[in-house]
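Student: Structure of the sequence below:
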Amino acid sequence: MRVALIHYWIHTWRGGEKVLQAMARLYPQADIFTHTYDRELAARELPGHKIFTTFIDRLPFAHRYFERYLPLMPLALEQLDLRDYDLVISNESAPAKGVIVAPHARHLCYCLSPMRYIWDMYPDYRAEVGAFTRMMMLPITHYLRMWDQLTAHRVDEFVAISRFIADRIARYYGRPSRVIYPPVAVNDFSVSRSQEDFYLYVGQLAGYKKPDLVVEAFNALGKPLVIIGEGDMLPRLRRAAGPNIKILGRQPFEVIRDHYQRCKALVFPGAEDFGIVPVEAMACGRPVIAYALGGALDTVVDGVTGILFPKQDMATLVEAVRKLEEESARFDPYAIREHALQFSPEKFAEQLSDSVTNLMRR
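Tutor: Predicted structure coming up:
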């Protein structure tokens with residue numbers, strides 16, 4: 001069976017690329033197709049795989065400004081020659097699923113998310129750009145939405161990373177999907193007996209992730225908080241943070257893991273498609289205080305592995321922190337870690353392989 005893996009671009013190493021890596025390990029002979037990629041990064045993380053690009057890779061400044069070529073990516077995908085492949089797996093959160101496969105082939109789309117910047121988060125992206133770009137977005141996003149919905153019918157089976165994304169697939173594409181959680185390197189973490197009196201936020205310092213809400217709540221609480229991450233909001237958060245809040249900026253993996261192990265709990269105030277950070281914290285046996293929307297509803301069990309709070313406001317988050325303090329004895333670190341193990345790379349590979357087997361038998 002010849003396998004092709006389709007990924008939008010490979011210039012950073014985040015959750016989507018780690019999913020691609022897990023797929024590549026499951027299918028070591030697979031070829032990889034992408035719009036553009038960093039050769040050094042791919043050689044290090046995806047060794048042994050042939051990587052083919054669309055014409056986007058040959059356009060001026062494509063390696064730096066690849067996202068600006070978004071309007072051309074639908075056309076580029078349709079030029080790929082996939083007629084020799086029996087199985088095509090697209091890894092979608094930017095244009096990837098719109099390829100044309102051979103009549104005998106099967107196409108499975110592992111959907112990280114329908115393109116957020118043309119669907120549910122379109123108003124947020126549009127509000128952040130200048131007047132000229134905002135004007136240009138009107139026809140481009142209209143065209144991309146039509147293409148995105150049309151190409152959903154080229155997919156034989158959708159797999160979603162969470163129930164939250166399965167709902168989006170149903171809403172925007174009118175298609176059912178199976179949920180297979182993305183792989184999290186849970187075995188890189190362990191439970192430590194050294195717990196300290198501080199809470200932890202880990203993640204990008206961007207508006208939709210709500211780090212400002214955490215700062216506001218802990219300013220009111222006066223409890224110790226450590227923030228690890230970088231982003232546009234970093235200067236503003238440093239100005240707003242009280243003396244009880246330490247903002248460390250970007251940190252290496254070893255420092256993040258150490259803070260996971262020693263913190264009283266992780267605070268996760270945003271709505272994420274899945275959210276790897278809470279699973280990593282739980283793999284260290286630490287409870288999670290999470291906003292009750294998005295992937296957290298799949299990963300955090302209220303009252304068992306953490307506390308879910310219903311509203312993104314200061315008073316509700318403060319109440320959730322106080323509730324965890326009052327009920328801290330009920331959170332068993334080893335039970336929390338056991339829950340996190342269901343999100344392992346081995347579980348992902350087993351379930352994705354099962355979906356492919358069933359698809360190929362049709």
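Student: which ones are touching L213?
Tutor: By Cβ atoms under 8 Å, 6 or more residues apart in numbering, the contact set of L213 is 269, 312-314, 317. The way it works is simple: take the backbone N, C-alpha and C, and place the C-beta from them, glycine included.
Student: The same query, at a cut-off of 6 Å, please.
Tutor: Counting by Cβ atoms under 6 Å, 6 or more residues apart in numbering, L213 touches P269.
Student: which is the next helix or strand following the lowest-mean-pLDDT helix or strand in the chain?
Tutor: One helix or strand of the chain scores below all others by mean pLDDT, DSSP states H and E: helix 122-127, with a mean of 78. Counting by DSSP states H and E, the next helix or strand C-terminal to helix 122-127 is helix 131-151.
Student: got the buried residues for that following helix?
Tutor: 137, 141, 144-145, 147-148, 151 (16 or more other Cβ atoms under 10 Å).
Student: ok, residues contacting the least confident helix or strand of the chain?
Tutor: Applying Cβ under 6 Å, 6+ apart, the external contacts of helix 122-127 come out as 117, 134, 137.
Student: of all these, which comes closest to S344?
Tutor: Y117 (30.8 Å; Cβ to Cβ).
Student: what about stretch 353-362, average pLDDT?
Tutor: Stretch 353-362 comes out with an average pLDDT of 95.
Student: and for that stretch, what are the contacting residues?
Tutor: Here stretch 353-362 has contacts from 106, 108, 157, 159, using Cβ under 6 Å, 6+ apart.
Student: Could you dump these into CSV with neighbour count added?
Tutor: CSV is the format used below for the contacts of stretch 353-362 (neighbours: other Cβ atoms under 10 Å):
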residue, neighbour count
R106, 20
L108, 21
E157, 18
V159, 23
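Student: Now, those residues that are in strands?
Tutor: 106, 108, 157, 159 (DSSP state E).
Student: Correct me if wrong: the first one contacts E157.
Tutor: Looking back up the chat, that one is R106. No - using Cβ atoms under 6 Å, R106 is not in contact with E157; the gap is 7.7 Å.
Student: which stretches of the stretch 251-362 of the chain form helices?
Tutor: Taking DSSP state H, counting those that start in this stretch as the criterion, the stretch 251-362 of the chain contains helices spanning 253-262, 276-283, 296-299, 314-326, 333-340, 345-360.
Student: I'd like to know which of these is closest to I307.
Tutor: Going by Cβ to Cβ, the one of those nearest I307 is helix 314-326, 4.9 Å.
Student: what mean pLDDT would you report for that closest one?
Tutor: Here the average pLDDT along helix 314-326 is 97.
Student: In the protein, where is pLDDT below threshold?
Tutor: Scanning the chain for pLDDT under 70 picks out nothing.
Student: Tell me where it has strands.
Tutor: Shown for the chain, the strands assigned by DSSP E span residues 3-7, 31-34, 51-53, 87-92, 106-111, 157-160, 177-179, 199-202, 225-228, 245-249, 265-268, 288-291, 306-309.
Student: Output the ones you listed in CSV, with distance to F331 appended to each entry.
Tutor: Formatted as CSV, the strands of the chain follow (distance: least, Cβ to Cβ, whole Å):
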stretch, distance to F331
strand 3-7, 38
strand 31-34, 41
strand 51-53, 44
strand 87-92, 34
strand 106-111, 32
strand 157-160, 29
strand 177-179, 26
strand 199-202, 14
strand 225-228, 19
strand 245-249, 23
strand 265-268, 8
strand 288-291, 10
strand 306-309, 8
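Student: Compare the ones you listed and report which one is nearest to M73.
Tutor: Closest among those, using Cβ to Cβ: strand 31-34, at 10.6 Å.
Student: residues in contact with that closest one?
Tutor: Here strand 31-34 makes contact (Cβ under 6 Å, 6+ apart) with 4-7, 9-10, 49-52, 80.
Student: hmm, 10 Å instead?
Tutor: Residues outside strand 31-34 that contact it (Cβ atoms under 10 Å, 6 or more residues apart in numbering) are 2-11, 20, 23-24, 42, 46, 49-54, 56-57, 66, 77, 80-82, 84-85, 88, 90-91, 96, 99.
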